[in-house]
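In: coords please:
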Amino acid sequence: MNIYFAGSIRGGREDVGLYRKLIEHMGRYGKVLTEHLGNVNITSSGEQLAAEEIYERDVDWLNKADVMVAEISTPSLGVGYELCKAESLGIPVLCLYNGSRNEPSAMITGNKRFRISRYEDIDAAFKEIDTFLSEHKKD
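Out: Numbers count the residues shown, from 1 in each chain. As a prediction, this is how the structure comes out:
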């Protein structure tokens, strides 16, 4: 299973430790194409690649993805774009957000094609991921 994980980079890196744990957990189900999001050395300045390279690489990964898991607690224009692209490609999407923070945009939570899951702790996030990825596992 190819898993596209989406999370904020330029919108803020305060959740990078969480991303790393989520990526490690999802790795039990398949290949996390965007595992670099858990790299603590990537700052809110972004990667050391040209914008065009990042765009082309990420769109290529989206085209290869079987599912998308997005952590949407930190608002991000890039994550919003990735969600829209995944929707247009018919990729199943799980959006996770920390319930102790602000509610996500209604443009995300109102989309019936996305599964939206509020979590209070990382174990609850893991449980949501397990359910979602098990439902979309290929035999």
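In: List the contacts of residue 65.
Out: Contacts for residue 65 (CB atoms under 8 Å, 6 or more residues apart in numbering) come out as 2-4, 33, 86, 89, 91. In this view, the C-beta of every residue, glycine as well, is placed from N, C-alpha and C.
In: could you dump those residues to CSV with secondary structure and distance to residue 57?
Out: CSV is the format used below for those (DSSP: H, G, I helix; E, B strand; the rest coil; distance: CB to CB, whole Å):
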residue, secondary structure, distance to residue 57
2, strand, 14
3, strand, 16
4, strand, 12
33, coil, 9
86, helix, 15
89, helix, 16
91, coil, 17
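In: Same question for stretch 110-117: list its buried residues.
Out: Neighbour counts using 16 or more other CB atoms under 10 Å place 111, 114-117 of stretch 110-117 among the buried residues.
In: got those as CSV, with distance to residue 136, secondary structure and pLDDT columns?
Out: Shown next, in CSV, are the buried residues of stretch 110-117 (distance: CB to CB, whole Å; DSSP: H, G, I helix; E, B strand; the rest coil; pLDDT from 0 to 100):
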residue, distance to residue 136, secondary structure, pLDDT
111, 17, coil, 96
114, 13, strand, 98
115, 10, strand, 97
116, 16, strand, 97
117, 14, strand, 96
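In: which one of these sits closest to residue 63?
Out: Using CB to CB, residue 114 is the member of the buried residues of stretch 110-117 that lies nearest residue 63, at 18.8 Å.
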